[in-house]
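>>> I need the structure of the sequence given here:
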Amino acid sequence: MASILVVGGGLAGLVCSSRLLRAGHEVELLEAAPAVGGRLRPLETDSGLLERGMGEVGWGDANLRALVSGLGLESTDDGELERSHALVLGGRLHRPPPLRMPELIWPGLAPRMDRPIDAVFRRPPRWSDRKLLIAALIDSFRQSSPRPPASVAALDDIAWSKASIRAFGTRWCTTRMAPALLARTGVDLAAESAAIVIPVLCRLLAGAGRSVPVSGGMARVVESLAEPLRVRLECRVENLEATTDGVRVRYRAGGRVGVGLADAAVLALPPSETLRVCPKLTPIERGHFESIHARRSIAVYRQISEPAWLLRGLSGVTFVPGELPNMRDIRILGPSPLRHVTDPFWVRIAFQPEVVDEHWNQSDLALVQKVDSTFRRSPLGALPEGPSRVERLEEIVSVQGRGALARRDRFESRAERTPRLVFATQALTTPDLEGRVTAGMRAAREIGEEVEGWRRQSSRAEG
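Numbering: from 1, shown residues only. Model prediction:
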């Protein structure tokens, strides 16, 4: 078998490393942070560890569910969950039911959430545009090949925000579609290609609002994946050079520069880091990663101990634009907190993407005070007092934008490739947890096929 270096210890890198190890390869994982897990890595606080992930996975996320089940972490005590995700609209807290397929065909079936008609809700739906989206959804449900159906590819050159509003109108998209997708993925998908969002929406509809509890939460998934692996922490890769004979990696660890050699490598990094680490990519590879834009994020975490808090028992709350200035949503983290249980838990309040740059250089104290003052003036009332933590992420998600599917096809079908190098990045799938798992699985399969090709060539040469 082959020696393989995996650069990046997020979920995609862990999944890829685990599958390669099970296939019998010699695998070493290099991670720049003090611990693996990426955005799922728990944060250290004065009040203990803060788990940044949810304690459940979507019922429709097939690869993620298979991963959790294979690790023996799919909780059977509670069965399937149906935690509701609320919405602040018109100065009130609404608890709408999960999004269902019939509602997309006839939006009039949606629960009524009144708000005075204003400029936000002026654009009416158009049935001709809705038919295109419904056809793409149905074809995606039926597809048996990994390639997207033609009806999905036809939507690639239009942003999801424009496609969905044309099809369903601004009111329904703002009060039903966008909150449902945000609740499941934790990502604002408005700027993505419609062809990228369709598979995410399919998984959401397939799950019908159901979730599968994870024993120990996503932090336990990270621990279970990392446990059998050979991991080198606080090892920042400075440069990776791949040739037809092997891969050479220069890294910095403990203040010293070292060199690693392997038969092949997998880059499980965001696009910007991929470009930094590997400057000698082919023109198509470099052009693809340069076309993807990073989005920064600011989140304020707060530990909640109040037993009678209004939002206890929910999975989160989305704020319709304008309801809570600068705030996007609030997510309940970790295992599901029961409504009348006194156990403390953490919540994450995310800022709207368009105001992140404006607040980026403010102090942690100023950001916490801003969140507190915003909530005091909101229909939810003041946030309970408790320990807080601010997190700034330079690249929370890779925004692929319009034409993403066509660019991805050109990337995957490229004739000129950097030898012995495979990419396990979320930017080649969908911007959610399912996409990260899928990226890791695909990279492991691709590198395994390359190793098998080397063996056949070697056997022919010896023969």
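
>>> And stretch 250-264, what's buried?
251, 260, 262-264 (16 or more other CB atoms under 10 Å). Where C-beta positions appear, they are placed from N, C-alpha and C, glycine not excepted.

>>> now, the most widely separated pair of the residues you listed?
The distance between the two most remote of these (CB to CB) is 17.3 Å, for Y251 and D263.

>>> wait, F375 sits on N326?
No: using CB atoms under 8 Å, F375 is not in contact with N326; the gap is 11.4 Å.

>>> And these two? Which one has more around it.
Taking other CB atoms under 10 Å, F375 and N326 do not tie; F375 has more neighbours (19 against 16).

>>> Turn the buried residues of stretch 250-264 into CSV, columns for distance to V187 and secondary structure.
Listed next are the buried residues of stretch 250-264 as CSV, based on distance: CB to CB, whole Å; DSSP: H, G, I helix; E, B strand; the rest coil:
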residue, distance to V187, secondary structure
Y251, 30, strand
G260, 33, strand
A262, 33, strand
D263, 35, coil
A264, 31, strand
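
>>> Switch those residues over to a markdown table; also include distance to S272 and pLDDT.
As requested, those are exported to a markdown table (distance: CB to CB, whole Å; pLDDT from 0 to 100):
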| residue | distance to S272 | pLDDT |
| --- | --- | --- |
| Y251 | 18 | 94 |
| G260 | 22 | 90 |
| A262 | 23 | 93 |
| D263 | 27 | 93 |
| A264 | 23 | 94 |
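
>>> Including distance to P34, could those go into JSON lines?
Converted to JSON lines, the buried residues of stretch 250-264 look like this (distance: CB to CB, whole Å):
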{"residue": "Y251", "distance to P34": "15"}
{"residue": "G260", "distance to P34": "19"}
{"residue": "A262", "distance to P34": "23"}
{"residue": "D263", "distance to P34": "28"}
{"residue": "A264", "distance to P34": "27"}
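
>>> any idea which helix or strand carries Q362?
Element membership of Q362, judged by DSSP states H and E, is empty: it is in no helix or strand.

>>> wait, what's in contact with it?
When contacts are counted by CB atoms under 8 Å, 6 or more residues apart in numbering, Q362 touches K370.

>>> Which phi and psi values does it adopt?
phi -70, psi 150 (degrees, to the nearest 10).

>>> Check it and give its pLDDT.
At Q362, the predicted lDDT confidence score is 96.

>>> do the same with S211
84.

>>> For it, give its distance to S128.
Distance, S211 to S128, using CB to CB, to the nearest Å: 35 Å.

>>> what about those two, which has more around it?
S211 (23 against 9).

>>> For E192, grab the count of nearby residues.
The burial count for E192: 22, using other CB under 10 Å.

>>> Is it correct that it is in contact with I158?
No: here E192 does not reach I158: they are 10.5 Å apart, not a contact under CB under 8 Å.

>>> And A219, how close does it get to G440?
From A219 to G440 the distance is 17 Å (CB to CB).

>>> ugh, wrong one, I meant A206
21 Å.

>>> Between these two, which is the more surrounded one?
G440 (32 against 15).

>>> OK, contacts around that one?
11-16, 19, 268, 424.

>>> check which helix or strand covers it.
helix 433-462.

>>> go on, W172?
With DSSP H and E as the test, W172 turns up in helix 170-172.

>>> Which neighbouring elements make contact with that helix?
Using 3 or more CB pairs under 8 Å, 6 or more residues apart in numbering; DSSP states H and E, no helix or strand is in contact with helix 170-172.

>>> same thing but 10 Å
With contacts taken as 3 or more CB pairs under 10 Å, 6 or more residues apart in numbering; DSSP states H and E, helix 170-172 sits against helix 160-168.

>>> Can I get the helix it packs on in PDB? Just the C-alpha atoms.
Extracted C-alpha coordinates of helix 160-168, given in PDB (Å, rounded to 0.1, in the frame of the first residue of the first chain):
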ATOM      1  CA  TRP A 160     -30.400  30.800  -5.400                       C
ATOM      2  CA  SER A 161     -31.800  34.000  -4.000                       C
ATOM      3  CA  LYS A 162     -33.100  35.100  -7.400                       C
ATOM      4  CA  ALA A 163     -34.300  31.700  -8.500                       C
ATOM      5  CA  SER A 164     -36.200  31.000  -5.300                       C
ATOM      6  CA  ILE A 165     -37.800  34.500  -5.100                       C
ATOM      7  CA  ARG A 166     -38.900  34.300  -8.700                       C
ATOM      8  CA  ALA A 167     -40.500  30.900  -8.100                       C
ATOM      9  CA  PHE A 168     -42.100  31.400  -4.700                       C
END
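
>>> Give me the helices and strands touching that helix, please.
So helix 160-168, by 3+ CB pairs under 10 Å, 6+ apart, packs with helix 101-105, helix 127-142, helix 170-172, helix 178-185, helix 194-207.

>>> Can you list the helices and strands that the longest one packs against?
In this case it means helix 127-142. helix 101-105, helix 150-153, helix 160-168, helix 194-207.

>>> Can you pull the poorly scored residue ranges out of this structure?
76-83, 113-123, 335-340, 458, 461-463 (pLDDT under 70).

>>> Which segments of it make up each domain?
3-38+218-292+400-462, 96-212, 294-398 (automatic domain parsing).

>>> Between the two ends of the last one, how far is it?
The separation between the terminal residues of domain 294-398, taken as CA to CA, to the nearest Å, is 5 Å.

>>> before we move on, what about stretch 328-342?
Stretch 328-342 has its terminal residues 27 Å apart, counting by CA to CA.

>>> mind checking which of the helices and strands packed on helix 127-142 is nearest G322?
helix 160-168 (16.1 Å).

>>> where's L267 relative to N326, distance?
Distance from L267 to N326, by CB to CB: 35 Å.

>>> P431 too?
Distance from P431 to N326, by CB to CB: 22 Å.

>>> do A32 as well
When distance is defined by CB to CB, A32 is 31 Å away from N326.

>>> Quickly list what's touching both of E192 and I158.
Counting by CB atoms under 10 Å, 6 or more residues apart in numbering, the residues touching both E192 and I158 are R402.
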